[in-house]
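>>> Compute the structure for the input listed below.
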Amino acid sequence: MARPPLLQLTDISLTFGGDPVFQGLSLTVQPGDRLALVGRNGSGKSTLLKVMAGLVEPDEGARVLSPGDGVGYMEQEPAMTGCETLMDFALRDLGEADAWRVEAAAEGLKLNLSQRVETASGGERRRAALAKLLAEAPDLMLLDEPTNHLDIEAIGWLEDRLSEMRQAFVLISHDRAFLRALTRATLWIDRGEVRRREGAFEGFEDWRDTVWFEEDQARHKLDRKIKAEAKWAVEGISARRKRNQGRVRALQSLREERSSQIRREGTAAMALDSGPKSGRRVMEAKGISKTYGDKLICRDFSLRVLRGDRVAFVGPNGVGKTTMIEMLTGKIAPDEGTITLGTGLEIAVFDQRRAALDPEMTLWESMTGDTDMRVSGRADQVMVRGTPRHVVGYLKDFLFDEVQARAPVGSLSGGEKARLLLAKLMAKPSNVMVLDEPTNDLDIETLDLLQEILDDYDGTVLLVSHDRDFLDRVATTTVAFEGQGRIVVHAGGWSDYAPKRKLVEASVSSTRADKRRQEQEKTASKDGGLTFTERHRLDALPKEIARLEAEIAKLSLLMSDAELFSREPVKFRKATDALAERQSKLAAAEEEWLALEEKASG
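Numbers count the residues shown, from 1 in each chain. Predicted structure coming up:
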């Protein structure tokens with residue numbers, strides 16, 4: 001007998017004192033569903049997740065959760081009152097026996113659970129909420145932008161973890177690669193309506209564009225019909241009009257139908273204007289080294305950036321990507337080596353910390369308070385690439401209305417803050433654009449527009465991002481930080497570098513396996529200093545490692561067929577991805593095993 005739906009929303013209506021967020025909304029989540037929830041910034045995605053979680057009560061309609069099933073929600077701003085550490089928060093509602101699940105999730109997410117709550121950053125708090133949800137593993141998981149503040153390695157770990165879980169989930173993300181890897185259907189919020197499309201996310205955007213095209217065609221036909229009927233009403237004689245009051249009433253109905261249609265929100269009218277051309281050599285690093293405390297950022301590293309290059313910097317959080325950019329742009333000096341800047345550089349910086357935005361200022365003040373942008377003597381105009389513009393008109397280009405223009409910056413969502421920062425950035429001419437994590441919180445349509453603008457930009461781009469799809473679309477060169485000061489430079493984007501990275505990881509994994517076997521032979525006692533949770537994990541790891549080694553051997557044998565790539569390219573690609581995935585898991589398991597063994601042996 002088929003299981004009932006996990007969750008049903010029926011005729012949900014919700015307003016927050018203004019226009020309806022949703023009206024007559026109905027949807028169903030089935031066991032095992034893997035749903036992408038997408039829509040423009042401000043369309044109500046997070047609000048819908050809160051309704052699904054039971055955290056927001058709708059004005060009308062019903063929410064029914066299947067008896068015996070649980071639902072969990074990953075909050076963007078989790079409440080941690082009463083918790084001293086992130087571990088205390090993550091273990092809330094869980095038992096000590098589940099601590100190893102939380103620790104395993106925290107390791108994959110690169111989270112220090114001993115971090116005190118009052119000193120934890122927003123990103124650390126969100127990762128703690130995600131670790132808690134993964135450890136709880138409810139029947140339905142609601143994930144709101146889980147990849148924000150994660151580096152590429154942690155995103156890959158999360159992909160693997162979610163793909164292995166049997167639970168249903170609804171996922172908000174603007175990371176196309178993440179959505180393609182995990183989701184099987186898409187919920188699309190558009191002007192308060194939710195449409196569901198079955199199938200992989202790959203086809204969503206073509207389907208969305210088809211829906212919009214058909215909508216525009218229907219609106220065009222309706223406009224033509226109204227025009228024809230209105231002409232008849234004006235030109236018809238009085239007698240005919242009296243005999244055709246039904247037709248007059250039909251015309252009125254057509255006009256009411258047209259006026260009730262909600263127009264789509266336009267795309268931001270973003271534009272970049274290159275300043276005077278820089279010299280051909282924009283910047284060059286020769287033999288530079290940099291250390292912060294005991295942390296090595298780079299050693300004897302060299303890089304030449306030429307005019308028009310799009311250089312992406314990738315690697316784990318905290319490895320030194322931002323520091324490298326600050327050295328290359330002359331903001332800080334290397335410990336050794338030289339950095340030479342080209343002539344005539346005008347550098348614009350998108351800061352991932354949003355330091356250029358004062359949360360206490362209004363959007364209006366944020367734009368006009370910048371002395372480099374304000375038109376002299378005018379508090380209502382800004383200089384946009386050499387031309388004075390009214391501040392509200394310019395903000396409308398970035399989808400802010402006049403009410404928002406007078407609201408504080410602190411009231412904006414993450415995506416709105418990113419758009420405001422882009423508005424400030426794009427008002428100034430530049431020939432070098434530094435974009436440090438620009439993709440966080442931006443919706444898919446705005447990401448597409450940003451990519452198109454960068455394609456047409458005459459200047460040079462330095463980019464830090466963990467969005468693999470965006471990196472592939474923009475980067476011409478990838479500078480990869482591989483840890484312990486090792487930095488390698490590759491032509492192309494993330495997909496060009498990733499296969500080479502997998503080969504390096506496979507070599508490291510083999511070395512670790514040899515070390516593990518040597519340690520295993522030398523270890524006699526295994527009880528010293530381990531907690532119950534650690535002992536449980538240490539006992540389970542050998543079977544997990546053996547299983548992964550067997551799967552790797554099987555995949556390696558399959559790929560040893562020299563004709564596989566040309567004969568079955570899809571199968572070859574899947575086998576390559578599966579091999580890399582298992583090698584990564586094996587490396588992590590071996591490292592965990594070594595740490596526990598060393599602790600056990602005292």
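
>>> from here on, contacts and neighbour counts on C-alpha atoms
Noted.

>>> residue contacts, residue 321?
Neighbouring residues of residue 321 by CA atoms under 8 Å, 6 or more residues apart in numbering: 313, 314, 315, 464, 481.

>>> which residue packs closest to the third one, ignoring adjacent ones?
In this case it means residue 315. residue 481 (4.8 Å; CA to CA, 6 or more residues apart in numbering).

>>> can you check the second one too?
Across the structure, with CA to CA, 6+ apart as the measure, the residue nearest residue 314 apart from its sequence neighbours is residue 480 (5.0 Å).

>>> For that neighbour, give its distance to residue 321.
Going from residue 480 to residue 321 by CA to CA, to the nearest Å gives 9 Å.

>>> Tell me the spacing between residue 72 and residue 499.
Taking CA to CA, one finds residue 72 at 36 Å from residue 499.

>>> re the thing from before, any idea how many residues pack against the residue nearest to residue 314?
Using other CA atoms under 10 Å, residue 480 has 21 other residues around it.

>>> Helix or strand next in line after the helix or strand containing it, which one?
Applying DSSP states H and E as the criterion places residue 480 in strand 477-483. Sequence order places strand 486-491 as the next helix or strand after strand 477-483, per DSSP H and E.

>>> helices or strands up against that next one?
Here strand 486-491 touches strand 295-306, strand 477-483, helix 494-522, going by 3 or more CA pairs under 8 Å, 6 or more residues apart in numbering; DSSP states H and E.

>>> Now do that strand and strand 295-306, the angle between them.
When axes from the mean of the first three to the mean of the last three CA atoms, to 10 degrees is applied, the directions of strand 486-491 and strand 295-306 differ by 20 degrees.

>>> Just the buried residues of strand 486-491, please?
487, 489, 490 (16 or more other CA atoms under 10 Å).

>>> Quick check: the gap between the nearest residue to residue 431 once chain neighbours are set aside and residue 427.
Spatial nearest neighbour of residue 431, excluding adjacent residues (CA to CA, 6+ apart): residue 459 at 4.3 Å. Distance, residue 459 to residue 427, using CA to CA: 15 Å.

>>> Looking at those two, which one has more neighbours?
residue 459 (27 against 22).

>>> Now do whichever strand or helix holds residue 61: everything it contacts.
Element membership of residue 61, judged by DSSP H and E, is strand 60-65. With contacts defined as CA under 8 Å, 6+ apart, strand 60-65 is touched by 6, 7, 8, 9, 10, 11, 12, 13, 14, 24, 52, 54.

>>> how about the helices in the stretch 251-400 of the chain?
Applying DSSP state H, counting those that start in this stretch to the stretch 251-400 of the chain gives helices spanning 321-328, 363-368, 391-396.

>>> Select, out of those helices, the one closest to residue 203.
For the helices of the stretch 251-400 of the chain, the distance to residue 203 is smallest for helix 391-396, at 30.9 Å, taking CA to CA.

>>> so how far is the next helix-or-strand element following the closest one off the chain centroid?
Per DSSP H and E, the first helix or strand lying C-terminal to helix 391-396 is helix 402-405. Relative to the chain's own centre, helix 402-405 is displaced by 27 Å; criterion: CA atoms, centre = their mean, to the nearest Å.

>>> Using PDB, list the CA coordinates for helix 402-405.
Included here for helix 402-405 are C-alpha records, laid out as PDB according to Å, rounded to 0.1, in the frame of the first residue of the first chain:
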ATOM      1  CA  GLU A 402      11.300  54.300  -3.300                       C
ATOM      2  CA  VAL A 403      10.100  52.800   0.000                       C
ATOM      3  CA  GLN A 404      13.100  50.600   0.200                       C
ATOM      4  CA  ALA A 405      15.400  53.500  -0.700                       C
END
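
>>> Residue ranges in this protein under the pLDDT threshold?
Applying pLDDT under 70 to the chain flags the ranges 1-2, 17-18, 220, 222-223, 225-269, 370-378, 502-529, 562, 570, 602.

>>> the domain parsing of it - what is it?
7-206, 207-260, 281-494, 496-600 (automatic domain parsing).

>>> can you list those domains in CSV and add distance to residue 275?
Compiled in CSV, these are given as follows (distance: least, CA to CA, whole Å):
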stretch, distance to residue 275
domain 7-206, 31
domain 207-260, 35
domain 281-494, 5
domain 496-600, 31
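
>>> what's the closest of those domains to residue 270?
domain 281-494 (6.6 Å).

>>> Any idea how far apart the tips of that closest one sit?
Its start and end residues considered, domain 281-494 measures 24 Å (CA to CA).
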